[in-house]
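Undergrad: Predicted model and sequence below, questions to follow.
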Amino acid sequence: MDEPIALGPGAGEQVGDSTVKVARPELSLLEGVVDPGDEVKPHLHRAQSDSFYVLEGELEFLIDGRVVTATAGSYVLSPPGVVHGFRNVSEKRARILNIHTPGGFVEYRRELAELRAQGIEPDGDFFERHDVFDV
């Protein structure tokens, strides 16, 4: 049986610029920082819902061809197959919770960080195996 999880502020595994809060088969939950000018380019997941809850700051989301401004307290959901991305166009840092269902996204982030630390850029098979498709 899986154990319950209760984490305090700042607790969790650091993976790149994110803090892993949950890495379970049914759910991946990461807390992340998005600095001014940072962006996640448009992409999609065929089997995962990817959602975002803005904790602080303001982000501009591209979701299914629409641009949406999301401030603190906003929630954005991208179901499987929907193109999405985001960027921080403000002058202040933003913080988000990134929720993937089902899980598996944390493993992608871990492997990606490990490859890049070795100076290796992953190939298309890597991204396909992890359900991440650039558009």
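TA: All right, it came through fine. Numbering: from 1, shown residues only.

Undergrad: From here on, just use CA atoms for contacts and neighbour counts.
TA: Fine.

Undergrad: May I have the beta-bridge partners of residue 59?
TA: The partner list for residue 59 in beta bridges (DSSP bridges) reads residue 70.

Undergrad: thinking it is in contact with residue 86, fair?
TA: Yes. Look at residue 59 against residue 86 with C-alpha atoms under 8 Å: they come within range, at 6.6 Å.

Undergrad: what about the strands in this structure?
TA: With strands called from DSSP state E, the chain shows them at 13-15, 18-24, 27-34, 39-44, 49-56, 58-63, 66-71, 75-78, 84-87, 94-101, 133-134.

Undergrad: got the contact list for the first one?
TA: Counting by C-alpha atoms under 8 Å, 6 or more residues apart in numbering, the neighbours of strand 13-15 from elsewhere in the structure are 19-21, 109-110, 113.

Undergrad: and with 6 Å instead?
TA: 19-20 (C-alpha atoms under 6 Å, 6 or more residues apart in numbering).

Undergrad: Ok, the fourth one next?
TA: Contacts made with strand 39-44 from outside it, assessed by C-alpha under 6 Å, 6+ apart, are listed as 81-87, 133-135.

Undergrad: Which two of the residues you listed have the greatest separation?
TA: Using C-alpha to C-alpha, these reach their maximum pairwise distance at 81 and 87, which is 19.9 Å.

Undergrad: Name the residue in residue 59 and residue 86 with the higher neighbour count.
TA: Per other C-alpha atoms under 10 Å, whichever of residue 59 and residue 86 has more neighbours is residue 59, with 27 against 21.

Undergrad: Right, I'll call it a day here.
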